[in-house]
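In: please find the sequence and the predicted model below.
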Amino acid sequence: MATSNQRTGKDFFLKDVLDVAPSLLGSYLVMDTKEGIQRHVISDVEVYRGEEDQASHARRGKTPRTRIMYSQGGLLYVYLIYGMHWMLNIVTGPVEMPQALLIRGLKTIQGPGRLTRQLGINGSFHEEDLTRSHRIWIEANASANGGYVTRPRVGIDYAGEKWRNKPWRFILDDQ
DNA sequence: AGCAAGATCGGT
DNA sequence: CCGATCTTGCTG
């Protein structure tokens, strides 16, 4: 019997970000564009977890910028860095627990700033709901291989030794 | 109001 | 290694 890929629902995003990260690897980031439906395999993600995490934007608590991270999982957190690169994040976990996953790479496009530019993701996607949006969502990949490696996160030297060294970057095997 | 820093990237 | 480019949040 033919089965089509199904949009990932709310429950998937309500888990702890450290559980969501490996299960997101291999899944499809799906976009509905003028050229039709595009599916990109997610291959590289990074975890930001709690106010204690000195690498996270939430380290200084709830501010206008970080308010989105305190939302229920399933929303997008999209922000501009260095005045030119849009960063694509997925909020995870329950309300009032600031967590997010930075999408660092797809199988076909490496680099968080490069992939948003190529896919046309910008500030208009901020706070978009992945479980309801008609232009962007996540689909499970039945043929995904579960293998991955972990590495320290990139570009967070300011976070101090304890947080700098957390192996919270998750990279799919066979890259 | 002013300022320093930043979850990056592309070119020397 | 360095500059681009602009938002954020802290300081005063």
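Out: Perfect, thanks for sending it.
In: and stretch A:105-122, which residues are buried?
Out: A:Gly105, A:Leu106, A:Ile109, A:Pro112, A:Gly113, A:Leu115, A:Thr116, A:Leu119, A:Ile121 (16 or more other C-beta atoms under 10 Å). The way it works is simple: take the backbone N, C-alpha and C, and place the C-beta from them, glycine included.
In: so what strands line up beside the longest strand along chain A?
Out: Assignment by DSSP state E gives strand A:36-49 as the longest strand of chain A. According to DSSP bridges, strand A:36-49 has the following sheet partners: strand A:28-33 (antiparallel), strand A:99-106 (antiparallel), strand A:169-172 (antiparallel).
In: so for DNA strand C, which of the ones you listed sits nearest?
Out: strand A:99-106 (13.4 Å; C-beta to the nearest atom of the strand).
In: now do the helix or strand just after the closest one against strand A:36-49, angle only.
Out: Downstream of strand A:99-106, the next assigned helix or strand under DSSP states H and E is helix A:112-119. Per axes from the mean of the first three to the mean of the last three C-alpha atoms, to 10 degrees, the angle that helix A:112-119 makes with strand A:36-49 is 160 degrees.
In: any part of helix A:112-119 near DNA strand C?
Out: No - for a cut-off given as C-beta under 7 Å from any atom of the strand, helix A:112-119 has no contacts with DNA strand C; the smallest distance is 9.3 Å.
In: ok, then the element right after that helix?
Out: From helix A:112-119, the next helix or strand downstream (DSSP H and E) is strand A:136-139.
In: which helices and strands does that next one pack with?
Out: Counting contacts by 3 or more C-beta pairs under 8 Å, 6 or more residues apart in numbering; DSSP states H and E, strand A:136-139 packs against strand A:28-33.
In: okay then, goodbye and thanks.
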